[in-house]
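Participant: everything below, folded, please.
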Amino acid sequence: MNLGVNTWVWTSPLTDGDLEALAPRVAGWGFDVIELPVEQPGDWDPARAADLLASLGLRASVVLVMPPGRDLVASDTVRETQDYLRHCMDVAEIVGSPVIAGPAYSAVGRTWRMSASERAAAYAELRQNLKSVIDHSEVRLAVEPLNRYETSLLNTVEQALEALPERAGLTLDIYHLNIEEKDPAAAVRLAAGRIAHVQVCGTDRGTPGQDRFDWPAFVGALREVSYGGPLVIESFTAHNQTIATAASIWRPLAPSQDALAVDGLAFLRTL
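Facilitator: Numbering: from 1, shown residues only. Alright, predicted model coming up:
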């Protein structure tokens, strides 16, 4: 498996200048992949990014972002959200990412109670509204279940498999799996054939490996199901007000953001 890191470890929103400063360091440390968030269309230039990454021998993955106002269920912003997701796919094609990954269903932080019938109707609406997105490109949509504090719609692999059309893949994120799944390795096996992207971090959102998560069992399960994508470190900086508030990062999670990436990479290599 290739190993990667998300630029959210250091900054948000990503800009061309940020990427030009970060990408050579990420490549120099030995990462294979750099993960690029598309918070707003136009924050950074995909063609310029593609040239930069090619010169450094880095691959790209692209993550989508669902702030308030981006929703595919029970919302009057469905069309705008679909347009945004299709834009993310266009960006991914330019930078060579095989996926766009993230919670492509509802704004992060939006929660509401649902009866069983209301949940079934929401899942049916989601499948319908994802169709034109999935049909737009060969880039695979990799939908991410989030924990209960960030969404009430998709929290577990089982729910995601029930809700999503078959052509949609899954993003598995250790932070959310550790909260919602009774056995993260079993959740991996349940998702066999559907896992398109994997994000990793410590269970406190910090450095991978500096926690009590059963990493050998998790990576072993990924090998069992023949997952061939990257493991990408996704964490956040407490020094950026916007992202710290959005991700509830109230304190530093490592001695430095560079240390979080470098020490995380060293640990992942041991697996």
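
Participant: show me the contacts for Glu162.
Facilitator: Shown in contact with Glu162 (Cβ atoms under 8 Å, 6 or more residues apart in numbering): Tyr123. Where you see a C-beta, it was placed from the backbone N, CA and C, and this is true even at glycine.

Participant: how about it, phi and psi?
Facilitator: Taking degrees, to the nearest 10, you get phi -70, psi -40 for the backbone angles of Glu162.

Participant: please report the distance of it from Phe267.
Facilitator: Relative to Phe267, Glu162 is positioned 34 Å away (Cβ to Cβ, to the nearest Å).

Participant: swap in Ala101?
Facilitator: 22 Å.

Participant: and these two? Which one has more around it.
Facilitator: More crowded of Ala101 and Phe267, by other Cβ atoms under 10 Å: Ala101, with 32 against 17.

Participant: for the more buried one, which three-state class applies?
Facilitator: Ala101 falls in the strand class when you classify it by DSSP: H, G, I helix; E, B strand; the rest coil.

Participant: ok, what's across the strand from it?
Facilitator: Ala101 has these beta-bridge partners by DSSP bridges: Val63, Ala142.

Participant: residues contacting it?
Facilitator: Ser61, Val62, Val63, Leu64, Ala142, Glu144, Thr171, Ala196, His197, Gln199.

Participant: redo that, cut-off 10 Å
Facilitator: With contact taken as Cβ atoms under 10 Å, 6 or more residues apart in numbering, Ala101 is in contact with 6, 35, 37, 61-64, 88, 92, 140-144, 169-173, 196-199, 229, 232, 234.

Participant: ok, now Ala221?
Facilitator: By Cβ under 10 Å, 6+ apart, the neighbours of Ala221 are 183-192, 195, 214, 227.

Participant: nearest to Ala246 among those?
Facilitator: Closest approach between the contacts of Ala221 and Ala246, by Cβ to Cβ: Pro184, at 24.1 Å.

Participant: and the closest one, what are its phi and psi?
Facilitator: Pro184 adopts backbone torsions of phi -60, psi -40, taken as degrees, to the nearest 10.

Participant: hang on, it packs against Pro216?
Facilitator: No. Look at Pro184 against Pro216 with Cβ atoms under 10 Å: they stay out of range, at 11.8 Å.

Participant: the more surrounded of the two?
Facilitator: The residue with more neighbours, out of Pro184 and Pro216 and counting by other Cβ under 10 Å, is Pro184; that gives 21 against 11.

Participant: now the strands for this structure?
Facilitator: In the chain, the strands defined using DSSP state E lie at 3-6, 33-38, 59-64, 99-102, 140-143, 169-173, 195-200, 231-233.

Participant: picking up where we left off before, of the contacts of Ala221 - the most surrounded one?
Facilitator: Val188 (26 neighbours).

Participant: which ones are touching it?
Facilitator: Val188 makes contact with 157, 170, 172, 177, 181, 195, 198, 217-225, 227, according to Cβ under 10 Å, 6+ apart.

Participant: repeat that for Leu154.
Facilitator: If you count contacts by Cβ under 10 Å, 6+ apart, Leu154 has them with 103-106, 122-123, 126, 143-146, 160-164, 170, 176, 180.

Participant: now swap in Ser55 and tell me
Facilitator: Ala23, Pro24, Ala27.

Participant: number of nearby residues for the last one?
Facilitator: Right, Ala27. By other Cβ under 10 Å, the residues close to Ala27 number 17.

Participant: that one and Val5, how far apart?
Facilitator: For Ala27 relative to Val5 (Cβ to Cβ), the value is 11 Å.
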